[in-house]
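In: okay, structure incoming, though there's no sequence with it:
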């Protein structure tokens, strides 16, 4: 018998995670969503993955485009995270944001800690989500920025142990 839904969610809330916005472009359509389920998969070749809810309106655009950028948010970008996480505002998510783009054409959000520009190489059905795997074609880093964290239902920041 599987663990109950509420118990499972309670345990997962105790896993601290970085916060990223996955963005994509299919023709003129821009789409993006906040994810905390992002991870490195392989160094050779360079692969990353994230999980997308099957109900997410961004998912069909991701599937059509075949490309995505993982924008690792900085500590002061919690409002951007909330904007890309809110349901029902998909057409407004990019309003007022001057995005760059990498070789895949996926939008790069400004002011992030890092961006990984990817081409989708595989997707896997996984319960109520789809696991998306991408090969990293370009990467950018601003080592002066600190990442935004999410833990126990709230945004957090890094603190060094012993400081």
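Out: Alright, I've got the coordinates. This one's a predicted model, so the numbers in the text were calculated from it and none came from an experiment.

In: what is the helix or strand bottoming out on mean pLDDT in the chain packed up against?
Out: Within the chain, no helix or strand scores below helix 5-12, which has a mean of 88 by mean pLDDT, DSSP states H and E. On a contact count with 3 or more CB pairs under 8 Å, 6 or more residues apart in numbering; DSSP states H and E, helix 5-12 meets no helix or strand. C-beta: built from backbone N, CA, C; applies to glycine.

In: what distance separates that helix from the centre of its chain?
Out: 21 Å (CA atoms, centre = their mean, to the nearest Å).

In: do a quick rundown of the strands in the chain.
Out: For the chain, strands defined by DSSP state E occupy the ranges 17-18, 20-26, 29-35, 39-42, 47-53, 67-72, 100-101, 107-108, 114-126, 129-141, 149-151, 154-156.

In: mind putting those strands in TSV, mean neighbour count included?
Out: As requested, the strands of the chain are exported to TSV (neighbours: other CB atoms under 10 Å):
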stretch	mean neighbour count
strand 17-18	17
strand 20-26	25
strand 29-35	22
strand 39-42	12
strand 47-53	19
strand 67-72	26
strand 100-101	13
strand 107-108	22
strand 114-126	18
strand 129-141	18
strand 149-151	17
strand 154-156	14
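
In: nearest to residue 93, of those?
Out: Proximity to residue 93 (CB to CB) singles out strand 29-35 among the strands of the chain, at 5.7 Å.

In: specify the beta-bridge partners of residue 51.
Out: Here residue 51 sits in beta bridges with residue 131, going by DSSP bridges.

In: also residue 119?
Out: With DSSP bridges as the rule, residue 119 is bridged to residue 67, residue 135.

In: hang on, it packs against residue 133?
Out: No. Residue 119 is beyond contact range of residue 133, at 10.2 Å (criterion: CB atoms under 8 Å).

In: adding mean pLDDT and distance to residue 4, write the strands of the chain out as CSV.
Out: Converted to CSV, the strands of the chain look like this (pLDDT from 0 to 100; distance: least, CB to CB, whole Å):
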stretch, mean pLDDT, distance to residue 4
strand 17-18, 92, 22
strand 20-26, 97, 28
strand 29-35, 96, 24
strand 39-42, 97, 25
strand 47-53, 97, 20
strand 67-72, 98, 31
strand 100-101, 96, 43
strand 107-108, 98, 38
strand 114-126, 98, 19
strand 129-141, 98, 18
strand 149-151, 94, 22
strand 154-156, 93, 23
